[in-house]
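Chemist: I would like the atomic coordinates for the input below:
(chains A and B)
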Amino acid sequence: GAVVSQHPSWVICKSGTSVKIECRSLDFQATTMFWYRQFPKQSLMLMATSNEGSKATYEQGVEKDKFLINHASLTLSTLTVTSAHPEDSSFYICSALTDRGLDNSPLHFGNGTRLTVT
Amino acid sequence: GEDVEQSLFLSVREGDSSVINCTYTDSSSTYLYWYKQEPGAGLQLLTYIFSNMDMKQDQRLTVLLNKKDKHLSLRIADTQTGDSAIYFCAESMDSSYKLIFGSGTRLLVRP
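Modeler: A predicted model of the protein is given here:
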């Protein structure tokens, strides 16, 4: 089946530093990847749509300069949280879209990255 | 606007059936999904249904869709303790696969 790998699975950083989260599709190519954010005991909120070779499309209310997204290849998208603050602490999840219909679903989720900013 | 709602909590005994409900507001939804999330983990797709279907069954899972009432349900037969998790319904309105998630239902299965 299709596998999406997120790295790191958890990270602790100090306020003011930047953190990069990677989302890789291991056995398929993904022209489109999505980044979600989940606060404790809450639902997932779509942050942005990442398209290979072009600029990401951000949802309303998401700061482009704070959450930098780069989709440099068909198997890798990165989310960089710049100048992180404690309110950025959250669970970040990516999903990758394939048109091959693997496992009867075109969308495959990573296992998430838990970010804690101290 | 887009809004997907779920009840927050459900508790059942092991072996009973669980029914998790979801309502959505956008009638142009094309796909509706059920995902399972265990603590600290990502999302596992359980099943999905096209908007032109009324029912889909997959082993212990049965999905019912009432388009008129914009109501989606997930029935888990013979619920096991391993089914304890948070269940999210989600809808996508078009071919972009941007998902709108419900608030999630925490299912607790008591031995």
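Chemist: buried sites along stretch A:54-66?
Modeler: Residues A:56-58, A:62 are the ones in stretch A:54-66 that count as buried (16 or more other C-beta atoms under 10 Å in any protein chain shown). For the C-beta atoms, the positions are set from N, CA and C on the backbone; glycine is no exception.
Chemist: Let me see the contact set for residue A:7.
Modeler: Residues in contact with residue A:7, defined by C-beta atoms under 8 Å, 6 or more residues apart in numbering or on different chains, are A:21-22, A:24, A:113.
Chemist: Can I get these in JSON lines including distance to chain B?
Modeler: Formatted as JSON lines, the contacts of residue A:7 follow (distance: C-beta to the nearest C-beta, whole Å):
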{"residue": "A:21", "distance to chain B": "13"}
{"residue": "A:22", "distance to chain B": "14"}
{"residue": "A:24", "distance to chain B": "13"}
{"residue": "A:113", "distance to chain B": "10"}
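Chemist: For those residues, which ChimeraX command selects only the ones that are buried?
Modeler: The ChimeraX command for the buried members of those (criterion: 16+ other C-beta under 10 Å) is given here:
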select /A:21,22,24,113
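Chemist: nearest to chain B, of the buried residues of stretch A:54-66?
Modeler: Lowest distance from chain B to those (C-beta to the nearest C-beta) belongs to residue A:57, with 9.3 Å.
Chemist: isn't residue B:101 right up against residue A:37?
Modeler: No - if you go by C-beta atoms under 8 Å, residue B:101 and residue A:37 don't touch, sitting 11.2 Å apart.
Chemist: check contacts around residue 74.
Modeler: Unless you meant another one, I'm taking chain A. Contact analysis of residue A:74 by C-beta under 8 Å, 6+ apart lists A:25, A:29-31, A:52.
Chemist: Correction: the question concerned chain B.
Modeler: Taking C-beta under 8 Å, 6+ apart as the criterion, residue B:74 is in contact with B:18-20, B:22, B:34, B:46-47, B:61-63, B:87, B:89.
Chemist: Who are the contact partners of residue B:30?
Modeler: Counted by C-beta under 8 Å, 6+ apart, residue B:30 has contacts B:50-51, B:92-95.
Chemist: could the residues you listed go into JSON lines alongside secondary structure?
Modeler: As requested, those are exported to JSON lines (DSSP: H, G, I helix; E, B strand; the rest coil):
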{"residue": "B:50", "secondary structure": "strand"}
{"residue": "B:51", "secondary structure": "coil"}
{"residue": "B:92", "secondary structure": "strand"}
{"residue": "B:93", "secondary structure": "coil"}
{"residue": "B:94", "secondary structure": "coil"}
{"residue": "B:95", "secondary structure": "coil"}
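Chemist: Just the buried residues out of those residues, in ChimeraX syntax.
Modeler: The command below creates a ChimeraX selection of those among those that count as buried (16+ other C-beta under 10 Å):
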select /B:92,93
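Chemist: which one of the contacts of residue B:30 is nearest chain A?
Modeler: So of the contacts of residue B:30, ranked by how close each gets to chain A (C-beta to the nearest C-beta), first place is residue B:92, at 8.7 Å.
Chemist: Next one, pLDDT for that closest one please.
Modeler: In the prediction, the pLDDT value recorded for residue B:92 is 84.
Chemist: Apart from its neighbours in sequence, what residue is nearest it?
Modeler: Leaving aside its sequence neighbours, residue B:92 sits nearest to residue B:31 (C-beta to C-beta, 6 or more residues apart in numbering or on different chains; 4.9 Å).
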